[in-house]
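> quick one, structure for this:
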Amino acid sequence: YFFAGFWKLNTAFLDPRASCATVFAAQHAARFGSLPGWASRAALAAAPPLTVAVETGVGLAVFIGWPRLAAGLATALHAAIALTPRPNNVATFAALCAPRLLLFASPRGLARAWPGRHVALLAVAVAFAMTDPQDRALALFAPAALLVCGASRGPERPVERPRRPAPLFVSVALLNCLLAPILGLQDLGSPVMYSNLKLHAGSNHLLVPTSTRDVVRLDRASSPFVRRYYPGELRLEPPRTLHILDRFGYYAPRFFNTAKPFVLGPARSSATAFVPFTLPVLGFRMLLATARRYSAEPFDLLYSHLPPPPLDERARAVAAVRTVAAAFDADGRLASCAVLSPDGNASLPCDPDADLVALPDPPRSLHRLVFYLAYPVVRAPPTAHSGPVVTPQIMCFGP
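Residues are numbered from 1 along each chain as shown. Predicted coordinates:
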């Protein structure tokens, strides 16, 4: 919990015109009623710092020894996430975390909460009658949250700490929560979810550096698989959410999440306008291997290697040190490959030992261990005085 809030201490998340917290707040505003204009703007502006305060507060409360405060803040956080409209209603996450919060309760608190087991059993029966996974998880989370609140009532008791921390546990926790994001090893499964944290070609964190040096931007692709699943644009519900974000001054009222289309199914048609995105070199090679594996027709793509960091959002959108155009046949085999000159008027043959499209596919087992999120290159809507421009901050792309 602490590091989930820690990684949100970056310029994009704390900017309410780009923050994921603003998107969640706008979805709640659109679903649960309309506030006066000034109140709505204040709520959306307060969402980023409030999120950071709650998440870091859970971790600090555990460290200090205030389990009741920790459990209360965590339960409120998960309830807010679980009640968010689609596609951000991650009730499964809440249902997994809520029972673990009972670890903060004293034996006496658990005894007080035990009569609520009948409600919990009823919720389990209701949950299994539901077909939607998120609705089922919400039905399971509700009684778990009540049990946590019931077990946390009464006099505050300090958390009973072990005599000394377990070195292995601490090492694994620091690797996952701190070092992995700094080194850019993995986007999914670490506490950087919905944090707007920039790992590609530069860092936006206020305290520690985070930057993956070898980054590729996919500028164009005709592969139906790539166009449907990457960078994973999803529709925000209710539809009035976009209107609320637009009135607030959100840079680009759009939402991307590379992971969810693989779970929920793609929301975009392959005929929809392509949105460029960046990936680490390994992530691009894994994407290409999957596109070739599921290819049923010839496709082509155009990609660029980005200069070394740091790069701002405009440079991430247009800068390139090497641009490659490649075409593949219906069986996914490389049919042609050329390195384009900066002006695009001349080309040279690809290097079979260096250019990514000519290299062997990474091991398929790697797909079970690593998943990289695509960072969309989002253009803000045009104004009366200028055409479309790249947003000044990296936008919310989840998870």
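> how about the strands in this structure?
Here the chain has its strands, by DSSP state E, at 215-221, 233-234, 255-256, 277-280, 299-305, 322-328, 334-340, 347-349, 375-376, 379-380, 389-390.
> save those as a markdown table, and put in mean neighbour count too.
(C-beta placed from N, C-alpha, C; glycine too.) Below are those laid out as a markdown table (neighbours: other CB atoms under 10 Å):
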| stretch | mean neighbour count |
| --- | --- |
| strand 215-221 | 22 |
| strand 233-234 | 20 |
| strand 255-256 | 23 |
| strand 277-280 | 26 |
| strand 299-305 | 20 |
| strand 322-328 | 19 |
| strand 334-340 | 16 |
| strand 347-349 | 11 |
| strand 375-376 | 26 |
| strand 379-380 | 18 |
| strand 389-390 | 17 |
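> want to throw those strands into a markdown table with mean pLDDT and distance to L288?
As requested, these are exported to a markdown table (pLDDT from 0 to 100; distance: least, CB to CB, whole Å):
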| stretch | mean pLDDT | distance to L288 |
| --- | --- | --- |
| strand 215-221 | 94 | 9 |
| strand 233-234 | 86 | 20 |
| strand 255-256 | 88 | 20 |
| strand 277-280 | 93 | 10 |
| strand 299-305 | 94 | 8 |
| strand 322-328 | 93 | 9 |
| strand 334-340 | 92 | 10 |
| strand 347-349 | 87 | 19 |
| strand 375-376 | 90 | 17 |
| strand 379-380 | 70 | 25 |
| strand 389-390 | 70 | 25 |
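> out of those strands, nearest to H205?
Smallest distance to H205 across the strands of the chain (CB to CB): 14.9 Å, for strand 375-376.
> identify each buried residue in stretch 240-260, please.
Along stretch 240-260, these residues count as buried under the neighbour rule (16 or more other CB atoms under 10 Å): 241-242, 244-245, 248, 250-260.
> where does the protein dip in pLDDT?
The model of the chain has pLDDT under 70 over residues 34-35, 103-133, 136, 149-165, 186, 189, 267-271, 380-389, 399.
> return the distance of the longest helix anywhere in it from the chain's centre.
Identified as the longest helix of the chain according to DSSP state H is helix 37-64. Remark: helix 37-64 is offset 18 Å from the chain centroid, using CA atoms, centre = their mean, to the nearest Å.
> related to what we said a few turns ago, between the strands of the chain, which one is nearest to A315?
Checking the strands of the chain against A315 by CB to CB gives strand 389-390 as the closest, at 9.2 Å.
> check the gap between the nearest residue to G59 once chain neighbours are set aside and A325 for me.
Excluding the flanking residues, the one nearest G59 by CB to CB, 6 or more residues apart in numbering is F2, at 2.5 Å. As for F2, its distance to A325 is 46 Å (criterion: CB to CB, to the nearest Å).
> please enumerate the helices of the stretch 201-350 of the chain.
224-229, 240-248, 260-264, 281-293, 313-318 (DSSP state H, counting those that start in this stretch).
> turn these into TSV, columns for distance to P181.
Output for these, formatted as TSV (distance: least, CB to CB, whole Å):
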stretch	distance to P181
helix 224-229	24
helix 240-248	27
helix 260-264	20
helix 281-293	15
helix 313-318	18
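> V148: which of the ones you listed is closest?
Set against V148 and scored by CB to CB, the helices of the stretch 201-350 of the chain come closest in helix 260-264, at 26.6 Å.
> output the contacting helices and strands for that closest one.
If contacts are counted by 3 or more CB pairs under 8 Å, 6 or more residues apart in numbering; DSSP states H and E, helix 260-264 sits against helix 224-229.
> figure out how far the helix it packs on is from the centre of its chain.
19 Å.
> before we move on, what about stretch 23-40?
Centre to centre, stretch against its chain (CA atoms, centre = their mean), the figure for stretch 23-40 is 22 Å.
> for it, buried residues please.
V23, F24, A25, A26, Q27, H28, A29, A30, S40.
> now swap in stretch 352-364 and tell me
Neighbour-count burial for stretch 352-364, counted by 16+ other CB under 10 Å, picks out D355, L356, V357.
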